[in-house]
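# Sequence first, predicted coordinates after that:
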Amino acid sequence: MPSIPIKKMRNFGIIAHIDSGKTTVSERVLYFTGKNHKIGEVHEGAATMDWMKEEQERGITITAAATSVEWRGHFLNLIDTPGHVDFTAEVERSCRVLDGAVVVFCAVGGVQAQSETVWRQADKYKVPRLVFVNKMDRTGADYFSVVDQVRTRLHGNPVPIVYPVGAGDDLKGLIDLVRGRYVTFEGKNGEEQVEHPIPAEEEERFQELRTEMIEAIAQEDEGLMEKYLENGDLTLEEIMQGIKSGVENYLFQPVLTGSALKNIGVQLMLDAVVDFLPDPESVHNMNQFAVEDLTHENPIPTKPDPTAPLRALVFKVMTTPHGELSFVRVYQGTIKTGDQLFCPNQQKKERASRLVKLHAMAQTAIEDVSAGDICAIIGLKFAATGETLTQEGNQGILEGISFAEPVISMAIEPASNADKEKLANALAKMEREDPTFKRWTDPETGQLIIAGMGELHLEVLQHRMLDDFKVEAHVGKPRVSYREAISKQVQVRGKHVKQTGGSGQYGDCTVIIRPMTPDEVKATGKDFLFASTIKGGVVPKEYFPAIEMGIKQELARGFVAGYPVINVHVTLIDGSIHAVDSSEMAFRAAGALAMRNAFPDLGVQVLEPWMKVEAETPEDFTGSVIGSLNSKRAIITETLARPGTTVVRGEVPLSEMFGYTTELRSLSQGRAAFSMEPAEYKPVPNSMLEKIAKKG
């Protein structure tokens, strides 16, 4: 039996736009729960959860850090995630395994570019969430403006359950709408929560907001609505249950507020995590997770039962000075130290040499981990991110994790022959750790290419090579990862016949090639789909993979400018075989020939990645910032005036944004800042095709 009752578990993450104060919130959680006896500050490079050298030097979170704390008799697994777009994979994999999230917003910045990305990631994995409006101590803080932005920009349904009294330097305390109390935070570090009656000057607003909260809760529950209409109010127990039910069923998001830096409001947020976010059993009751067998058919129910057959998901692999760690969420069954495990994705046996609970990088050995819990395993050799762990004979596969494709690349080479093998090993380990980092050899130049999500992503990986793996390497300039796409549908035949004296080669296939629809791309998370409508064996099934491989081989080469062709759907509809000369090699050649024959009629376009950009600048420099973005082919979509500053939003090609940090600083005397997130791929103007083409 598990040592921790599943009803007492909470698995939650803190997600937000960069500089919203996520890590500061996490540090206060550690302090108030007694995990840390001293508060670590991000701006001093002393945050516990930012343990990497790069994080401490830059003052940002780069890798998701995990810890376990206790609050009010409950056991909380907390994951602090990065806010920078280059490290969005950390949020993606965390959302996949979390039962809830606290989304942090800056009370001044409000909903920013990366806020939209993390909100969509939480939507994708149906993560129930709370909202925490942070930095209410800053000048220009506006709680109700942020609540409105969550509703209008994120299409959320925010319901304030706490609101601030005062703002900026005048922030006095918080009013708890649920329990009807005014709370101040006193003592050296705000550890003393002192309750007061509602101040007379706040009584009218309190009653108005409390009525709005109760109506929002009752609207989502027929039984509560009847009681509210009958009595004109709800009891504390009914309000609490209504909020919990609404959160678990994704109906609304309770909004809390405070200032983590000034130690205001974090305890109320922790109370809300315990009271309103679901335990692992409640999440499973909503069928959030599906299990498939190896044929991706016949869903099998998963129960958070520690005695059932094991089903666990590896959601992160990380190389540390102490060895490789595999972060695992157990959905069903129990893992014990020394257990032999099985990875059905790769059909490989594994062994759980050691199980540990993590506090950032500090490890505490444990003997077992049961359904609903999260831990790290030392000793896994094969299981990668998004893959399942079971016991041999139990073939169930949990739904994996999909990641964005890299958008920039650069050439890399070892500084000396002595570094050649070390570089290859380092890159292999980093690719295993980070699903958004890729490496390959350019077939035309023979250069080794690495690719990632942005300049900062690749820069951090370079520094890790030197600091963690002791490898010296030279890198080229960043290059945009262009793509090609088709715009038309074509039916085409590929017939490969070759006679060379002995056994010949014969492969014949007819396929329909068309663009994938946006819905297909979104639903599958893939950029290539292969299907067959053949019946009767005119082409045996064993040749289907060869045809698919031949087509994919040509798609990877591109047609217009030598970049991979994406979002292609191919259906095999006909073909023929030769009793002697047909082979996998021949059908692979036939598939490749069909693709080459089709290219001229498919309307192939070259695409480039565009980014959503948000620049915040003092009013005096607004014109200069907008002018600089316009010079980069930007489409300005919105300008917002805030006290003393202007926020400029738009979309711009990634290729135009290299080095923009330096340019923006020079334009604004170092006072403006910007953030980006991927938007979409758009066709490249004809005037630029020759410039970016790899060929010709």
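In hand now; what should we look at?
# hey, where'd the helices end up in the stretch 251-400 of the chain?
Assigned by DSSP state H, counting those that start in this stretch, the helices in the stretch 251-400 of the chain fall at 266-276, 280-285.
# Deepest-packed of those helices, please.
Mean neighbour count (mean count of other Cβ atoms under 10 Å) peaks for helix 266-276 among the helices of the stretch 251-400 of the chain, with a mean of 21. All C-beta spots, glycine's among them, are computed from the backbone N, C-alpha and C.
# Check which helices and strands it sits against.
Packed against helix 266-276 by the contact rule (3 or more Cβ pairs under 8 Å, 6 or more residues apart in numbering; DSSP states H and E) you find strand 9-16, helix 22-32, strand 65-71, strand 74-80, strand 100-106, strand 129-134, helix 236-248, strand 253-257.
# mind showing which ranges of this structure have poor pLDDT?
Applying pLDDT under 70 to the chain flags the ranges 1-3, 36-64, 83-85, 284-299, 322, 360-361, 395, 444, 501, 694-696.
# tell me the helices in the stretch 401-550 of the chain, going along the chain?
Under DSSP H, counting those that start in this stretch, the stretch 401-550 of the chain gives helices at 420-433, 455-467, 518-524, 544-557.
# what angle do the helix of greatest length in the chain and strand 253-257 make?
Counting by DSSP state H, the longest helix found in the chain is helix 203-219. Using axes from the mean of the first three to the mean of the last three Cα atoms, to 10 degrees, the direction of helix 203-219 lies 160 degrees away from that of strand 253-257.
# Name the residues that touch helix 203-219?
157, 159-161, 163, 175, 177-178, 180, 198, 224-225, 227-228, 233-234, 239, 242-243, 246, 252 (Cβ atoms under 8 Å, 6 or more residues apart in numbering).
# mind listing what's buried in the following helix or strand past that helix?
Past helix 203-219, further along toward the C-terminus, the next helix or strand under DSSP states H and E is helix 222-231. Under the neighbour-count criterion of 16 or more other Cβ atoms under 10 Å, helix 222-231 has 224-225, 227-228 buried.
# on contacts alone, who are the packing partners of helix 222-231?
helix 203-219, helix 236-248.
# Buried deepest among those, which one?
With neighbours taken as mean count of other Cβ under 10 Å, these reach their highest mean count in helix 236-248, at a mean of 19.
# How about the contacts made by Tyr163?
143-144, 174-175, 177, 205, 209, 257.
# again, only using 7 Å
143, 175, 177, 209, 257 (Cβ atoms under 7 Å, 6 or more residues apart in numbering).
# As TSV, the residues you listed with distance to Phe105 would be great.
Listed next are the contacts of Tyr163 as TSV, based on distance: Cβ to Cβ, whole Å:
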residue	distance to Phe105
Tyr143	10
Ile175	19
Leu177	19
Leu209	18
Thr257	9
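# just curious, which of those residues is nearest to Ser370?
Comparing these against Ser370 with Cβ to Cβ places Thr257 closest, at 35.6 Å.
# Skip the chain neighbours and tell me the closest residue to the closest one.
Leaving aside its sequence neighbours, Thr257 sits nearest to Val133 (Cβ to Cβ, 6 or more residues apart in numbering; 4.2 Å).
# Nearest to Arg464, out of the helices of the stretch 251-400 of the chain?
Closest approach to Arg464 among those (Cβ to Cβ): helix 266-276, 31.8 Å.
# okay, the angle between the closest one and strand 253-257?
Using the same axes, to 10 degrees: helix 266-276 against strand 253-257 is 160 degrees.
# what's helix 266-276 in contact with?
The contact list for helix 266-276, computed with Cβ under 7 Å, 6+ apart, reads 10, 12, 25, 28-29, 32, 71-72, 74, 76, 102, 130, 132, 162, 174, 176, 183, 193, 240, 243-244, 247, 254, 256, 258, 260.
# quick one, that helix and strand 65-71 angle?
80 degrees.
# Helix 266-276: how far from the chain's middle?
Chain-centre distance of helix 266-276: 24 Å, with Cα atoms, centre = their mean, to the nearest Å.
# Stretch 682-692 too?
30 Å.
# List the contacts of that stretch.
Residues from elsewhere that reach stretch 682-692, judged by Cβ under 7 Å, 6+ apart: 482, 561, 605-608, 610.
# Might you specify the subset of those residues located within strands?
605-608, 610 (DSSP state E).
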